[in-house]
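Q: what follows is a predicted structure for the sequence shown.
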Amino acid sequence: MSDLPGFMSRDEDDVVLDGVAVTNVEQADDVLLLSLSREGLRRKVEGISRWCSVNFMLFNETKSVVMVFGGKAGDRVPLVFGEGCQLQVVTEVSYLGFLVTSSGSSGPLRKHYNVKAQKAKRITGTMRGVEKLTGLLPVPCARKLYMALVDPHLTHGADVMVDHVERARREQEKEQEQYLRRVLGVGSRCRKCILFTETGLIPLQVRRLSLTVKCILYLLRNPALLASAAYRELVSLDFAGHRTWVSRLREAITALPYVVGLLEEINGGVGRWLQGLVDASPDLYFIQGRREPDARGDLAVAAPVALRQYLRVSHPGYRRALTRVLLGEHRYAVRRRGWGQARDRCLCRFCGRVTETVEHLWLVCGRSEVLAAGRRRFMVDIWKAASLEERAELQGLNDDARSQLKVILSSRRWVTISARFAYEIERLLKDSE
């Protein structure tokens with residue numbers, strides 16, 4: 001197509017980006033013609049039609065359309081060119097995988113959010129169908145499938161699309177959150193922060209914004225690109241006081257729930273923000289202050305966002321039972337306090353003396369023979385697996401059941417033992433309801 005510019009001479013109606021006149025843009029076999037006027041576009045269409053005839057091709061009138069941004073009502077009539085040929089003016093078209101619209105006040109890519117959210121929703125539904133045949137997928141596997149099948153739709157175009165419309169962004173965030181809730185086995189009322197601190201994934205708002213900033217860095221490093229000229233034009237318009245893509249980017253950064261200034265702060269700040277939400281929640285006591293192993297295997301690294309060890313438990317029932325205990329999504333009566341119910345509704349269903357907390361059922365209550373027998377097996381297994389130092393630490397916390405249980409639940413070597421006991425208690429509580 002090197003000879004195409006010879007058939008479309010530049011004129012005063014060309015789009016100019018930072019001093020660069022743009023008459024046409026090609027992407028594979030898709031050709032985009034740009035002009036600021038109807039007559040200018042007609043000249044370009046006639047020029048490419050002549051180029052097609054010289055190169056033994058036909059101009060596809062049926063598949064070619066015109067889209068007008070702004071303009072007047074008269075601009076909506078078909079564009080006539082050549083010998084009676086005409087192109088229809090449309091308000092919606094798919095171009096390079098993007099659904100572009102010329103109507104509405106929310107931007108030309110507003111409907112693209114809806115399309116991608118629906119595709120992500122269909123994939124999530126397909127995953128549910130697969131699990132009906134295979135059983136619950138392991139969390140690492142479900143996480144990989146999310147990154148391979150769902151994330152590409154939810155982040156499609158994020159490098160050039162600024163999330164300045166909150167409603168559009170929320171539609172996509174909803175699909176991400178629903179997928180992760182199903183993977184963890186928690187309800188719709190769970191705290192959103194745990195969906196990311198436990199799986200190692202990043203909130204969609206932050207991930208999309210970081211991709212946008214990375215695209216800007218790429219353009220700045222490659223100033224010869226046409227896209228770089230477009231970015232410089234946007235910056236110039238922004239400095240002139242016009243509302244542009246750059247101003248919307250500032251609004252999107254300001255909308256983050258934490259203060260940032262650079263790309264490193266966008267990616268690094270999300271961990272500190274999520275950890276702050278975890279630390280502020282009394283229901284998440286058992287995952288507060290935890291550590292991940294360093295290169296030597298010592299639990300010394302603070303990792304606010306990571307795929308946790310307990311999510312690698314192979315038995316889905318054990319894994320989900322322990323997950324609900326750690327994340328405050330269990331069936332224990334203490335949860336009723338958060339619902340505003342009376343204190344007597346929160347008492348232990350077996351002894352009826354104290355509040356039915358996690359530590360009470362796991363380590364203290366002795367009125368249920370089934371529970372007591374399960375606890376003996378649980379503690380024997382823990383004792384066998386514990387080192388001398390760990391046994392001494394547990395014995396030193398005999399008067400503090402909550403702290404003792406937190407030590408037990410934080411151990412990576414005892415996670416399967418703890419998950420099995422969590423499952424036994426969950427079944428016992430379900431049978432007693």
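A: Nice, I can see it. Please read all numbers here as calculations on a predicted model, not as lab measurements.
Q: quick one: stretch 401-411 to chain centroid distance?
A: 32 Å (CA atoms, centre = their mean, to the nearest Å).
Q: repeat that for stretch 229-236.
A: 29 Å.
Q: same deal with stretch 256-274?
A: 15 Å.
Q: please apply the same query to stretch 217-232.
A: For stretch 217-232 - counting by CA atoms, centre = their mean - the centre lies 27 Å from the chain centre.
Q: gap between the two ends of that stretch?
A: 12 Å (CA to CA, to the nearest Å).
Q: low-confidence regions, the chain specifically.
A: 73-74, 295-297, 336-344 (pLDDT under 70).
Q: what residue is smack in the middle of it?
A: In the chain, the centroid-proximal residue (CA atoms, centre = their mean) is L204; its distance is 2.9 Å.
Q: how about residues contacting the longest helix belonging to the chain?
A: Assignment by DSSP state H gives helix 110-134 as the longest helix of the chain. The contact list for helix 110-134 (CB atoms under 8 Å, 6 or more residues apart in numbering) reads 92, 98-101, 104, 137, 142, 145, 149-150, 153-154, 156-157, 161, 165, 168-169, 171-172, 174-176, 178-179, 182. (Glycine included, C-beta is placed from N, CA and C.)
Q: let's see 6 Å
A: Applying CB atoms under 6 Å, 6 or more residues apart in numbering, the contact partners of helix 110-134 are 98-99, 101, 104, 149-150, 153-154, 156, 168, 171-172, 175, 179.
Q: gap between G268 and L388?
A: Separation of G268 from L388 (CB to CB, to the nearest Å): 39 Å.
Q: of the two, which one has the most company?
A: G268 (13 against 7; other CB atoms under 10 Å).
Q: which SS class is Q86?
A: Here Q86 takes the strand state, with states given by DSSP: H, G, I helix; E, B strand; the rest coil.
Q: wait, doesn't it sit right on V65?
A: No: contact between Q86 and V65 fails when scored by CB atoms under 6 Å: they sit 10.9 Å apart.
Q: these two: which is more packed in?
A: Using other CB under 10 Å as the criterion, Q86 and V65 rank with V65 on top: 16 against 13.
Q: quick one on the thing from earlier: tell me the buried residues in the longest helix of the chain?
A: 110-113, 115-117, 119-121, 123-124, 127 (16 or more other CB atoms under 10 Å).
Q: what about the helices in the stretch 151-300 of the chain?
A: In the stretch 151-300 of the chain, the helices defined using DSSP state H, counting those that start in this stretch lie at 151-154, 166-184, 193-197, 204-221, 226-239, 245-254, 263-279.
Q: please compute how far the second one lies from its chain's middle.
A: Averaging C-alpha positions (CA atoms, centre = their mean) puts helix 166-184 7 Å from its chain's average.
Q: got the CA positions of it in CSV?
A: What follows is helix 166-184 as a C-alpha-only set of coordinates in CSV (Å, rounded to 0.1, in the frame of the first residue of the first chain):
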residue,chain,number,x,y,z
GLU,A,166,-17.7,4.9,37.4
ARG,A,167,-20.8,2.9,36.3
ALA,A,168,-19.0,1.4,33.4
ARG,A,169,-16.0,0.4,35.5
ARG,A,170,-18.2,-1.1,38.2
GLU,A,171,-19.9,-3.4,35.6
GLN,A,172,-16.5,-5.0,35.0
GLU,A,173,-15.4,-5.0,38.6
LYS,A,174,-18.6,-6.9,39.4
GLU,A,175,-17.6,-9.7,37.1
GLN,A,176,-14.2,-9.9,38.7
GLU,A,177,-15.6,-10.0,42.2
GLN,A,178,-18.2,-12.6,41.4
TYR,A,179,-15.6,-14.9,39.9
LEU,A,180,-13.3,-14.6,42.9
ARG,A,181,-16.1,-15.1,45.4
ARG,A,182,-16.9,-18.4,43.8
VAL,A,183,-13.3,-19.5,43.8
LEU,A,184,-13.0,-18.8,47.5
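Q: that helix packs against which elements?
A: helix 110-134, helix 204-221 (3 or more CB pairs under 6 Å, 6 or more residues apart in numbering; DSSP states H and E).
Q: got JSON lines for those, with distance to E369 too?
A: Formatted as JSON lines, the helices and strands packed on helix 166-184 follow (distance: least, CB to CB, whole Å):
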{"stretch": "helix 110-134", "distance to E369": "36"}
{"stretch": "helix 204-221", "distance to E369": "48"}
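Q: quick one, which of those is nearest to D18?
A: Nearest to D18, of all those, is helix 204-221, at 11.5 Å by CB to CB.
Q: show residues contacting the closest one.
A: Contacts for helix 204-221 (CB under 6 Å, 6+ apart): 154-155, 158-159, 163, 172-173, 176, 227-228, 231, 252, 263, 266-267, 270.
Q: top of these by neighbour count?
A: Most surrounded of the contacts of helix 204-221: other CB under 10 Å gives Q176, at 26 neighbours.
Q: what's the distance between that one and R170?
A: Taking CB to CB, one finds Q176 at 11 Å from R170.
Q: quick check on the contacts of helix 110-134: which are buried?
A: Using 16+ other CB under 10 Å, the buried members of the contacts of helix 110-134 are 98-99, 101, 149-150, 153-154, 156, 168, 171-172, 175, 179.
Q: between the residues you listed, which is closest to M1?
A: F98 (22.2 Å).
Q: what residue, apart from its backbone neighbours, is nearest that closest one spatially?
A: Among residues not flanking F98 along the chain, H112 sits closest, at 5.5 Å (CB to CB, 6 or more residues apart in numbering).
Q: just give me the neighbour total for the closest residue to D11 other than its chain neighbours.
A: Take D11 and drop its neighbours on the chain: the residue closest to it by CB to CB, 6+ apart is G40, 5.8 Å away. In terms of burial, G40 registers 19 neighbours under the definition other CB under 10 Å.
Q: equivalent analysis for E359, please.
A: 20.
Q: that one contacts K406, correct?
A: No: assessed by CB under 6 Å, E359 is found out of contact with K406, at 8.4 Å.
Q: please report how far the nearest residue to L180 once chain neighbours are set aside lies from R248.
A: Closest residue in space to L180, ignoring its immediate chain neighbours: L195 at 4.2 Å, by CB to CB, 6+ apart. Using CB to CB, L195 is found at 27 Å from R248.
Q: fine, thanks again, bye for now.
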